[in-house]
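*Asks:* sequence first, then the predicted structure:
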Amino acid sequence: MSPLSKIVIVGGGSAGWLAAAMLRQHLKAELCEIELIESAELGTIGIGESTVPPFVGLIQRLGIDEREFIRATDATYKLGIQFAGWHRRTDTYFHPFGVIGKPIDTHEFYQCWLKVRAAGDCSSLQDFSPCSVMAESGRFFPPTKARNTPIGGANYALHVDASLVARFLRQYAEARGLKRTEGRVTCVKQRESGFIKSVVLADGREIDGDFFIDCTGFKSLLIEQTLHSGFVDWSQFLPCDRAIAIKTEHDGPVQPYTKAIAQAAGWSWRIPLQHRLGQGYVYSSRFSSDADARSTLIRNIGSPCLEEPRLIPFQTGHRRHIWKQNCLSLGLAAGFIEPLEATAIHLIARGMEFFLRYFPDRNCDPSLVREYNRRMVADYEEIRDFVVLHYSATQRDDCAFWRWCKEMTLPDSLQERIELFAHNGALREGVDELFRSSSWQSVFEGMGIKPSTYSHRVDSLASEHIAASLRRARSAIRGMVEHLPTHEEFLKSQRGVSLD
Ligand SMILES: Cc1cc2nc3c(=O)[nH]c(=O)nc-3n(C[C@H](O)[C@H](O)[C@H](O)COP(=O)(O)OP(=O)(O)OC[C@H]3O[C@@H](n4cnc5c(N)ncnc54)[C@H](O)[C@@H]3O)c2cc1C
């Protein structure tokens, strides 16, 4: 046995600092030294403002006070994502967090709803999602403080300022004994075995380690430039490869959800923080020039800009070996799926959770590495399929980009999910997946994919009985939401100061 006595993290963006915070929380400082190298001169990508609900759990597990975190990172609450123009140009739908409906006499809610829909009931699926109803009326209250109420099954994530998150996590990790080194890595030295021995900084300092975590962003300095891990390219399913991002002033109330608006060659986002909006356009360079994308973004932003737009090229896919030898890659260094469902920070946290689960010694047993890579690739593929679904079922044929999406060949795993669902609403369950049934049902419904029938198991319930339950549930949610604070009022109560 030769336990790791020093781990070196290269890169101080969200990935580097989240890794540092999680390692410092889990490993005793006297047993394992952790050093993070970052270069102020190179900076970070400074983007990544929308999260998914497990992020809130992660903050709690790190022992961070949520209110303090919200204040420090300019955060707002997120109940889901509103999609405009994806199915048809004029359609809008909502992907909420949390549950949709409750089982009726042990029967799955969704199947009950399908049955009464088939009998002519015209209630919408989202009428039974506490998050959708709160989002629609711009209201928010934490479901954790309302467990046995009609909104108890809701869930939430946060919109955050990425640079402030990195700063917050840096303070957290440094307070727990992390060593931070300022410097630019110019050379990576390897042992005869191929394992990384040390990194050399521009000023000549050499930093040794037993294990290295590559958090150098798209550069992938260790995992790719040094260890040549290889890349699994998914541009045949997700053609967007560029983004233009900008910070603007608010142009209306601070809404508790992200907006994703379909555009001619991709989609634009609007993410509300307390004191500004994050906006941007994700597009495919096969279908739009940078100049056209920039004018589309500027035309749509609707409020004064706080900075010049920034162009960010990216490649969709993941490293063939996310962990190779004594190097783990995290964040953008490990891979990237366009930010439609805001999953990148989640994948960083998962990457660290699995690393702690399959924690190696200095030899990095290949069986641990293999299992880690298998598990992470399963997460990447699940998210890829969910994101591809948003494009593939479009009915739009008004521009070349959407026609391409309509005609693309889908990953087999997604094709199988769609066929199963289209039969009678059944879902293919994976292990510990990020997106659960209510997410798939919402996007299927929003994109016009409907089961041809319901599961006839629910025929043991009379339609009138189901319809009465649905009426009660709908009015209970609406009745409660009407009396909740607006999102802005709730934020104000958390901050203790005005948002003005
Ligand atoms: C358009 C866009 C929108 C996004 N939106 C979201 C979102 O809504 N939600 C979400 O979860 N994620 C989002 N992401 C992803 C998110 O931005 C990243 O996952 C997250 O910021 C982590 O980035 P990182 O730390 O891997 O890389 P970076 O922030 O690029 O950090 C890289 C670090 O490595 C350092 N470095 C690089 N080279 C060297 C060197 N030679 N020596 C020393 N240090 C070096 C840099 O200085 C920096 O500190 C988005 C990404 C893009 C491109």
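*Replies:* Sure, I can see it.

*Asks:* measure stretch 297-309 end to end?
*Replies:* Taking C-alpha to C-alpha, to the nearest Å, the span from the opening residue of stretch 297-309 to its closing residue is 9 Å.

*Asks:* repeat for stretch 331-349
*Replies:* End-to-end distance for stretch 331-349: 9 Å, by C-alpha to C-alpha.

*Asks:* near the ligand at all, that stretch?
*Replies:* Yes. Shown here: stretch 331-349 in contact with the ligand (C-beta under 6 Å from any ligand atom) through Gly331, Leu332, Ala333, Pro339, Ala342, Ala344, Ile345. Every C-beta, even on glycine, is put in place using the N, C-alpha and C of the backbone.

*Asks:* nearest to the ligand, out of these: which one, please.
*Replies:* The shortest separation between the ligand and any of the residues of stretch 331-349 next to the ligand is 2.4 Å, and it belongs to Gly331 (by C-beta to the nearest ligand atom).

*Asks:* okay, and the residue lying closest to that closest one once chain neighbours are set aside sits in which element?
*Replies:* Beyond its immediate neighbours in the sequence, the residue positioned closest to Gly331 (C-beta to C-beta, 6 or more residues apart in numbering) is Ala15, lying 2.6 Å away. Following DSSP states H and E, the helix or strand that holds Ala15 is helix 14-26.

*Asks:* packing partners of that helix?
*Replies:* For helix 14-26, the helices and strands in contact under the criterion 3 or more C-beta pairs under 8 Å, 6 or more residues apart in numbering; DSSP states H and E are strand 6-10, strand 33-38, helix 162-175, helix 344-357.

*Asks:* in CSV: those, plus mean neighbour count.
*Replies:* Conversion of the helices and strands packed on helix 14-26 to CSV gives the following (neighbours: other C-beta atoms under 10 Å):
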stretch, mean neighbour count
strand 6-10, 24
strand 33-38, 22
helix 162-175, 19
helix 344-357, 21
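
*Asks:* the closest residue to Thr149 other than its chain neighbours is in what secondary structure piece?
*Replies:* Of all residues beyond its chain neighbours, the one nearest Thr149 is Met480 (6.1 Å), with distances taken as C-beta to C-beta, 6+ apart. Per DSSP H and E: Met480 is located in helix 463-481.

*Asks:* residues in contact with that helix?
*Replies:* Judged by C-beta atoms under 8 Å, 6 or more residues apart in numbering, the contacts made with helix 463-481 from elsewhere in the structure are 101-102, 104-105, 112-113, 115-116, 119, 121, 123, 127-128, 130, 133-134, 137, 139, 149-151, 458.

*Asks:* ends of stretch 425-438, how far apart?
*Replies:* With C-alpha to C-alpha as the measure, the ends of stretch 425-438 fall 12 Å from one another.

*Asks:* start at 442, not 1
*Replies:* With the count now opening at 442, the last piece we talked about shows up as stretch 866-879.

*Asks:* is that stretch in proximity to the ligand?
*Replies:* No. Looking at stretch 866-879 against the ligand by C-beta under 6 Å from any ligand atom, there are no contacts, and the closest approach is 11.6 Å.

*Asks:* what does the least confident helix or strand in the chain by mean pLDDT contact?
*Replies:* With mean pLDDT, DSSP states H and E as the measure, the helix or strand of the chain carrying the lowest mean pLDDT is helix 928-936 (a mean of 91). For helix 928-936, the surrounding residues in contact (C-beta under 8 Å, 6+ apart) are 508, 511-512, 517-518, 579-582, 694-697, 715, 925-926, 939-940.

*Asks:* follow-up on the earlier one: the helix holding Ala456 close to the ligand?
*Replies:* Yes. Against the ligand, helix 455-467 shows contacts by C-beta under 6 Å from any ligand atom at Ser455, Ala456, Gly457.

*Asks:* list the buried residues for that helix?
*Replies:* Residues of helix 455-467 classed as buried by neighbour count (16 or more other C-beta atoms under 10 Å): Ser455, Ala456, Gly457, Trp458, Leu459, Ala460, Ala461, Ala462, Met463, Leu464, Arg465.

*Asks:* same question, stretch 728-742
*Replies:* Residues of stretch 728-742 classed as buried by neighbour count (16+ other C-beta under 10 Å): Phe728, Ser729, Ala734, Arg735, Thr737, Leu738, Ile742.

*Asks:* returning to that earlier point: just the buried residues out of the contacts of helix 928-936, in ChimeraX syntax.
*Replies:* Taking 16+ other C-beta under 10 Å as the burial criterion, the selection of buried members of the contacts of helix 928-936 in ChimeraX is written as:
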select :511,512,517,518,579,580,581,582,695,696,697,715,925
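
*Asks:* just want the angle from the helix holding Ala456 to strand 474-479.
*Replies:* Between the direction of helix 455-467 and that of strand 474-479, the angle (axes from the mean of the first three to the mean of the last three C-alpha atoms, to 10 degrees) works out to 160 degrees.

*Asks:* before we move on, the earlier item: considering only the buried residues of stretch 728-742, which also neighbour the ligand?
*Replies:* If you filter the buried residues of stretch 728-742 for contact with the ligand, counting by C-beta under 6 Å from any ligand atom, you are left with nothing.

*Asks:* what residues does the stretch 642-791 of the chain have near the ligand?
*Replies:* By the rule C-beta under 6 Å from any ligand atom, the part of the stretch 642-791 of the chain lying against the ligand is 656-658, 660, 662, 684, 686, 721, 753, 755, 772-774, 780, 783, 785-786.

*Asks:* of these, buried ones?
*Replies:* Among those, those scoring as buried are 656-658, 660, 662, 684, 686, 721, 755, 772-774, 780, 783, 785-786 (criterion: 16+ other C-beta under 10 Å).

*Asks:* just these: which are in helices?
*Replies:* In helices, defined here by DSSP state H, the members of those are Ala785, Ile786.
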